[in-house]
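Student: Return a 3D structure for these sequence lines:
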Amino acid sequence: MISRAKPEHLKSINNIYNQAVRDGLRTAHTEPVSLNKRRQWLNNHPKDTHPVFVYLDNDTVLGWLSISPYRAERQALNEVVEISYYVDYDHHNRGVASELMKYGLTFCKVANYRIAVAILVSGNKPSVALLKKFGFSESGRIPDALHFDGEYRDHLYMSKRL
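Tutor: Sure, this is the predicted structure:
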């Protein structure tokens with residue numbers, strides 16, 4: 001079941017994100033995010049316009065997807081949103097990300113957003129494959145923008161017209 005994130009989901013959301021941080025090359029963070037920072041993040045996601053959705057199985061969060069403003073406070077970009085998603089590593093390859101993406105994109109269309117953007121670390125083949133499955137295509141990249149332990153990766157931008 002997919003629903004809007006609530007404060008009681010926050011610890012699981014943060015734990016899932018920090019799995020990706022520890023794995024490396026999945027997010028630009030190189031150190032885990034604190035629960036307090038995650039709380040601020042959730043509070044900055046208005047439920048009506050830029051929600052966070054969770055995929056629940058018997059009240060256990062298996063994954064989440066957020067819809068965020070793209071370049072907030074730049075009015076000409078108000079119809080563009082950034083989509084981010086993370087799935088608990090114990091539940092990869094079970095359709096959780098696909099269900100979240102389907103749900104999130106439906107929300108974006110109903111909310112009359114025009115373009116969805118995903119920003120990721122190049123080389124993240126599972127995310128690239130998921131995004132392509134949902135009609136995203138590469139829109140740009142910043143070569144060698146990310147630096148992980150002496151290794152450089154591109155910051156990849158993928159987008160989809162809604």
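Student: For the helix or strand harbouring Gln19, list every residue counted as buried.
Tutor: Here Gln19, judged by DSSP states H and E, is contained in helix 10-23. The neighbour-count check on helix 10-23 (16 or more other C-beta atoms under 10 Å) flags 10, 12-14, 16-21 as buried. (C-beta placed from N, C-alpha, C; glycine too.)
Student: how about the nearest residue to His91, chain neighbours excluded?
Tutor: Leu62 (4.5 Å; C-beta to C-beta, 6 or more residues apart in numbering).
Student: do you know how far the one you found is from Lys109?
Tutor: According to C-beta to C-beta, to the nearest Å, Leu62 and Lys109 sit 24 Å apart.
Student: before we move on, what about Asp149?
Tutor: 40 Å.
Student: and these two? which has more neighbours close in?
Tutor: Higher neighbour count among Asp149 and Lys109: Lys109, with 12 against 7, using other C-beta atoms under 10 Å.
Student: can you give me the helices for the protein?
Tutor: For the chain, the helices defined by DSSP state H cover 10-23, 35-43, 96-110, 125-133.
Student: can you put those helices in a markdown table and add distance to Glu73?
Tutor: Compiled in a markdown table, the helices of the chain are given as follows (distance: least, C-beta to C-beta, whole Å):
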| stretch | distance to Glu73 |
| --- | --- |
| helix 10-23 | 24 |
| helix 35-43 | 17 |
| helix 96-110 | 20 |
| helix 125-133 | 26 |
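Student: Would you format the ones you listed as JSON lines with mean pLDDT and distance to Tyr55 included?
Tutor: Shown next, in JSON lines, are the helices of the chain (pLDDT from 0 to 100; distance: least, C-beta to C-beta, whole Å):
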{"stretch": "helix 10-23", "mean pLDDT": "95", "distance to Tyr55": "10"}
{"stretch": "helix 35-43", "mean pLDDT": "94", "distance to Tyr55": "16"}
{"stretch": "helix 96-110", "mean pLDDT": "98", "distance to Tyr55": "5"}
{"stretch": "helix 125-133", "mean pLDDT": "95", "distance to Tyr55": "14"}
